[in-house]
Structures are given as C-alpha cells and as structure tokens.
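A.B. asks: Sharing a sequence plus its predicted fold:
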Amino acid sequence: MTEKKISANAYQALREALPVVFHYKRPFETFLRSALRDHPDLLAGVNFGDLKPYVADEVVQRLARGEARYQQTTIDLMVAVAGMERFPDLERHEDAEYKLAEAGRAVEELRRWTEPYVRDQSEQQEAAARREVACSKQRRSAGSRTICEPWRQSSSPCMPKSHLRIGAARSSAS
C-alpha cells in the first residue's frame, strides 16, 4: 500500500465520475457492490434508490473518512473507473452522445488524478519483483539454509533460518 494520502482532488474526481459513467441505477449499484465486495461495510445503509450523485458522495465520504483502512480499496476503485474506455449503459441512451462525452471527461479527469497512485503501485510491484528475484538467487546459492522475507526492512531480503529461531526464542523468553 502507498504511504501517500489520497488527494482531495482525486476524491472529488471519483465523486464526480461515479454517477456519470452509468445511466441506470442497477448497473451503478452492481458495479459498486462488485468493486467494494471486500468491504461490504462501506455500502451498509447506502440508499441506492437515491440519486446517483448522492450515493457517490456518501460512498466517497466513507472511503475518505476511513482512508487508513480503505486506501488500497479506494485506489483500486479509482483505477477501475479511470480505466473505463466504454460505457455500454450510456451507449443505449437517447442522449448517448452527450452522456458519453460527459463520462469521457469525468474519467479523463479521474485518470489525471489517479496516475501518480498507479505509478507508485507499479514501482512498488517492480521493487517487490526485484526483491523476490534477489531472494531466489540467494536461496539457490545458500541451499535450504535461508528463507525469503521480502517484506523485512533489511539489507538482505533473505535471512538465515537460524536468525528466525534465535529471534523466536528471544521473544518467547521475554
């Protein structure tokens, strides 16, 4: 997860994009329930019968208030919406041309604010992959005496098993 706080502008862009990328309430609700399925508490009590901008505002407020807990979920939702290239729900509408242009502008604005978070995630994934490669090489050269711990903040992504046993013995003795 990224250490940066999500900017107020990114939250606002999400708040504005969510209600315009869907015309009908049912696909809007289905999308949100699917995108936020790991945190159903975010949608508890949300009145999906209300106007979509009100629903989007409520959901985004909950995400912002719980940023410490929901930051990755928020970024994932932002990336999902910013990645939309087609809007089938809008294509069928009688005002399709206007609605598609409005959705395109909203998604482009969200994409602009989301891009730094996507870049950070890519950099973190690349760093994790490099650590894993280094760890694999170290494991092969050391045989079965080491295990990989890429999440550990140390100069080496791998630690000898004896370090773990000693550390475990010390913590259980205290």
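C.D. replies: Looks like it arrived, so ask away.
A.B. asks: Against V20, how distant is K52?
C.D. replies: Distance, K52 to V20, by CB to CB, to the nearest Å: 8 Å. Every C-beta, even on glycine, is put in place using the N, C-alpha and C of the backbone.
A.B. asks: pLDDT at L164, what is it?
C.D. replies: Listed pLDDT for L164 reads 40.
A.B. asks: now swap in S156 and tell me
C.D. replies: 47.
A.B. asks: how far away is P53 from Q125?
C.D. replies: Taking CB to CB, one finds P53 at 34 Å from Q125.
A.B. asks: burial measure for W113, as a count.
C.D. replies: Residues within reach of W113, counting by other CB atoms under 10 Å, total 20.
A.B. asks: which element is it on?
C.D. replies: helix 96-142 (DSSP states H and E).
A.B. asks: can you check E58 too?
C.D. replies: With DSSP H and E as criterion, E58 is part of helix 52-65.
A.B. asks: so what's the nearest residue to K52 once chain neighbours are set aside up against?
C.D. replies: Of all residues not flanking K52 in the chain, P19 sits nearest, at 3.6 Å (CB to CB, 6 or more residues apart in numbering). P19 sits next to F28, L51, K52, P53, V55, A56 when contact means CB atoms under 8 Å, 6 or more residues apart in numbering.
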